[in-house]
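> one predicted model, sequence on top.
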Amino acid sequence: MIHELKMAEDLAEEYQEFINAEEFANNNLSHYVADVQRVYCADNRPWVIGYSGGKDSSAVMSLIYMALLGLEKEQRHKPVFVVSSDTLVETPVVVNHIKDSLAAIEKGAKRDDLPISCHKVVPKSDQTFWSSLLGKGYPAPTRSFRWCTERMKIDPVSDFIKSKVSQFDEVIVVLGSRSQESASRAQVIAKHKIDGSRLARHTTLANAFIYTPIDTWAVDDVWKILRLCHLETKETPLGTRNIWKDNYDLEWENPWGGKNLVLWNLYKDSSGQGECPMVIDETTPSCGNSRFGCWTCTVVTKDRAMESLIQNGEEWMAPLLKFRNNLADTNVPRDKDIFRNFKRRTGRVHDQLKKLPYDIKTPEAAINYIKSEKHDELYETQEFRVVNDSKNQPYMIEIFDGEIVVETASYQIDSKDEKKRKAWFWSRYTPGPYWLKYRRQWLRELLELDKKFKAEGREIELITVPELHAIRQEWIHDPNEPDWDDSLPTLFRDVYGYDLDWVYDDNASFGKDDAQLIHELCDNFDVEPEMIMKLIELEISMEGLSRRSGITNKIASLLKRDWGSLEDIKQKHAALQSKAEFDIHSQEIERYNQQLAEVDKQLQKEF
């Protein structure tokens, strides 16, 4: 059993009184230091500390560092891995803070002979924000489609934890989670708490356990350990306010060295904004609107954290905020059809049914609502026609583009409504990925910003070289708009004036001349050139294989995609619906099978 007083005496003199006397959540700090020491010394399982550079993770780091300092050298028997997740789109002013903090922790640990090592993890180059948004065309993240968290935060940290589990069998993950900061997160951890233990089971990773040493602390306690400052409640002309009270004479360095003034300045003008915690599963809230989140985050409507940074002296970040806001604008419902393909990445058009508000009853009101959801450039070219039933009552709106019905709206009973009220249901396609032309435009703007910042001497990298290689491959092999011009190397050269070491594969795709020739031939035979190109690409991928198993299914999958313009696709769908018993794809596949069988016969005769 480790004695608390002995522990405190082993620490640097200036910490002793503070540790033994200062209260944190109704306990002296020595209580928490001893708790950390007990959990650390209880077994041989290494620790993985989730470090985001924010106040909570910094407080945990200080607490653990103090606890390890208070142990005898032979008691520091197992490694402590400090892992920080870099999404590659972190708020720029935070990037250097985290880099400097990790370097200081590592340096201090070597000086004090502590078993601490620091590690930075990043997402795979084909899973980053830019390779997903600019490469694959994923729409900017929203609350309902937050595709970024798992790829950029959860997976890199999980991979690191898994690597340590494979090496040590079990690990303990230490987090700065506090019940006051995230009630939902606290409930999840409490649900997986192990009876009679300070640990909880990880929600998704086997053989990983969670330890939250400051889960009962308030925000005042966090700043107390970082800067010895307190929150005081005062009456002001604007009402009751919590005001920070500093005692700068008593401000000390972190146990590893370096003060927290930079960290304090990141928070002092961001009232109500939390940090981005170490994300290890999907129960962790979004980091939007946080200075420790991503500068590209569009989950929140406005990035008030970045706005605050710009207002407080970081004016150079204004172009980044503008770029982020432009991405957020692409999620405005009436503009989605402008920026996004009508086909999904599956190559198919997917319809969705949207219920209009119950107070919209007349066709005119329904048409006005639908128009308000569309961009002016779209609905001005479309014609809205009201269809009446046998009693001459309006029950359907057909939306024409030329002579083709592209969307409909019907007035019917809402089967899910307890009162069985009637409502207008709008049937329209679900927009797919961003059009390639916009992805090209945004990449050029991003590269130009990157070049501008580098010319100003700023140590910032908006997009990495591996990401550019990944984006190029995504463009070349895009399922809807393959970039047969291979435009990214030219785009990069236009901005920077030099070339990267691009990888060229003669068999990878069509060249510009090839694509032009196929377009001319397909015009003569009235077939879609993209379909022919995809079929040829499939043949090239199967070339030289002794067994071509599955090729028929792959051909069928390509033929079942929606080819041509939206109007063409709607017309084909209407034709197929009128021939419900006639499967054109099955007939076409059967014809291919017969041709392949004939080829096999000829080959058998030859050999």
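Noted; the coordinates are in hand.
> helix or strand: which one has Ile555?
helix 551-559 (DSSP states H and E).
> avg pLDDT for that helix?
Mean per-residue pLDDT for helix 551-559: 85.
> counting by contacts, list what it packs against.
Judged by 3 or more CB pairs under 8 Å, 6 or more residues apart in numbering; DSSP states H and E, helix 551-559 is in contact with helix 529-542, helix 584-606. Backbone N, C-alpha and C define where each C-beta goes, glycine included.
> worst mean pLDDT among these?
helix 584-606 (a mean of 63).
> show me where the stretch 151-300 of the chain has its helices.
Using DSSP state H, counting those that start in this stretch, the helices assigned to the stretch 151-300 of the chain run over residues 155-168, 183-191, 219-227, 261-268.
> deepest of these, which one?
Highest mean neighbour count of these: helix 219-227, a mean of 21 (counted as mean count of other CB atoms under 10 Å).
> measure how that helix sits relative to helix 261-268, angle-wise.
Taking axes from the mean of the first three to the mean of the last three CA atoms, to 10 degrees, one finds helix 219-227 and helix 261-268 inclined to each other by 160 degrees.
> return the distance of helix 219-227 from the chain's centre.
Put simply, helix 219-227 sits 30 Å off its chain's centre (CA atoms, centre = their mean, to the nearest Å).
> again, but for stretch 322-335
From the chain centre to the centre of stretch 322-335 is a distance of 16 Å (CA atoms, centre = their mean).
> list the buried residues in that stretch.
Phe323, Arg324, Leu327, Ala328, Thr330, Asn331, Asp335 (16 or more other CB atoms under 10 Å).
> who touches it?
Identification of contacts with stretch 322-335 by CB atoms under 8 Å, 6 or more residues apart in numbering yields 133, 139-140, 142, 295-298, 301, 303, 306, 336, 339-340, 372-375, 434, 438, 442, 445-446, 449.
> so which of those belong to helices?
Met306, Lys336, Phe339, Ser372, Tyr438, Trp442, Glu445, Leu446, Leu449 (DSSP state H).
> of those residues, which pair is most distant in space?
Using CB to CB, the pair of the ones in helices among the contacts of stretch 322-335 lying farthest apart is Ser372 and Leu449, separated by 33.6 Å.
> more neighbours: which of those two?
Between Ser372 and Leu449, Leu449 has the larger neighbour count (other CB atoms under 10 Å), namely 17 against 10.
> look up the closest residue to that one, ignoring the ones flanking it.
Nearest residue to Leu449 in three dimensions, chain neighbours excluded: Pro319, at 5.6 Å (CB to CB, 6 or more residues apart in numbering).
> what's the average pLDDT for the helix or strand hosting that neighbour?
Taking DSSP H and E as the criterion, Pro319 maps to helix 318-329. For helix 318-329, the mean pLDDT works out to 95.
> which residue ranges of the stretch 1-150 of the chain form helices?
Using DSSP H, counting those that start in this stretch, the helices assigned to the stretch 1-150 of the chain run over residues 4-9, 13-21, 29-41, 55-69, 92-111, 129-130, 148-149.
> got the residue ranges for the helices in the stretch 351-500 of the chain?
Using DSSP H, counting those that start in this stretch, helices in the stretch 351-500 of the chain cover 363-372, 376-379, 436-455, 465-476, 487-496.
> would you single out the least confident of those?
Among these, helix 376-379 scores lowest, with a mean of 61.
> of the helices of the stretch 151-300 of the chain, which is nearest Asp526?
The nearest among those, by CB to CB, is helix 155-168 at 45.6 Å.
> show me what the closest one is packed against.
Using 3+ CB pairs under 8 Å, 6+ apart: helix 155-168 touches strand 47-50, strand 80-85, strand 116-121, strand 171-174.
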